[in-house]
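**Q** A predicted structure for the sequence below; I have some questions about it.
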Amino acid sequence: MSIENVANIIKPMLEGAQVTVLLFLIAIVAAIPLGFLLTLAIRSKLKVIAWFGHAYIYLMRGTPLLLQLLFIVFGLPLLPIIGEYMVLDRFTAACLGFILNYAAYFAEIFRGGLLAIDKGQYEASQVLGLNKWQTTTRVILPQMFRIALPAIANESVTLVKDTALLYAVAVPELLHFAQTAVNRDFTIMPFVIAGIIYLLITMTLTLFFKWLERRFTFD
């Protein structure tokens, strides 16, 4: 295969990679705070809110992400009465599906981080005269984030790889262009290039989270 042919393969795949990265950024930025809100919900003293949080997490973690994407993209428009108002752009629908799904996983990560904090931290904060808000923002949340950071990093890498599911809902991302090139040129080279691009993205992400871990460890 000539350099020109490789260049013709790589160009559209890089465009697909932009979609992959964009979806990842949108999903991670929205899912992390939503996941934290879900963590607060399941810890709420109001049983209705806590029940809703647990039910939501169970539903999202208990069903495949692909099924959720298919439901949002193709199922919502079929709902009676409101279906015509639920027709979303494919990329927007995919972003919504990833955000709703990963928020449930981040919620469990944050819950585990909170459970790992010794109760003595709360008592020590009271002795120091810190109010509930100060205790939460200055003592609990920094420790929770430090504990949860490795799991967040792992889930983020999984999110990058799961963007390949966009192929199933006809959103042209990296894998879509790789498959198109394979069918057109009858060569596995596009799959190899796609794998390299995924590795570069996940390597960058891994290095970023390692930097964050070192920073929080030193702090």
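**A** Now that the structure is in, tell me what you want to look at. Keep in mind that what you see is a predicted model, and the values were worked out from it rather than measured.
**Q** quick one: low-confidence ranges for the chain?
**A** 1-2, 5-6, 217-219 (pLDDT under 70).
**Q** Now do the helices in it.
**A** Applying DSSP state H to the chain gives helices spanning 3-42, 47-62, 65-70, 90-115, 120-127, 132-134, 141-162, 174-185, 189-218.
**Q** What are the contacting residues of the shortest one?
**A** It stands for helix 132-134. S125 (Cβ atoms under 8 Å, 6 or more residues apart in numbering). From N, CA and C alone the C-beta is placed, and that goes for glycine too.
**Q** Give the buried residues for that helix.
**A** Residues of helix 132-134 include none that count as buried (16 or more other Cβ atoms under 10 Å).
**Q** what's the offset of that helix from the middle of its chain?
**A** Distance, stretch centre to chain centre, for helix 132-134: 29 Å (Cα atoms, centre = their mean, to the nearest Å).
**Q** What distance do you get for Q121 to L128?
**A** Remark: distance between Q121 and L128 (Cβ to Cβ, to the nearest Å) = 11 Å.
**Q** How about V19?
**A** Distance from V19 to L128, by Cβ to Cβ: 49 Å.
**Q** More neighbours: the two, which one.
**A** Remark: of V19 and L128, V19 carries more neighbours, 19 against 11, as counted by other Cβ atoms under 10 Å.
**Q** Next, the contact list for the more buried one, please.
**A** F91, L166, V171, P172, E173, L174.
**Q** Could you check how many residues crowd around the nearest residue to the fourth one once chain neighbours are set aside?
**A** Translated: P172. For P172, ignoring the flanking residues on the chain, the nearest one in space by Cβ to Cβ, 6 or more residues apart in numbering is G16 at 6.1 Å. Number of residues near G16 (other Cβ under 10 Å) recorded here: 23.
**Q** Just confirm G16 contacts L174, I think it does.
**A** Yes: between G16 and L174 there is a contact at 4.0 Å, judged by Cβ atoms under 8 Å.
**Q** Pull up the overlap in contacts between those two.
**A** Residues touching both G16 and L174 (Cβ under 8 Å, 6+ apart): none.
**Q** ok, and the most crowded of the contacts of V19?
**A** Most surrounded of the contacts of V19: other Cβ under 10 Å gives L174, at 28 neighbours.
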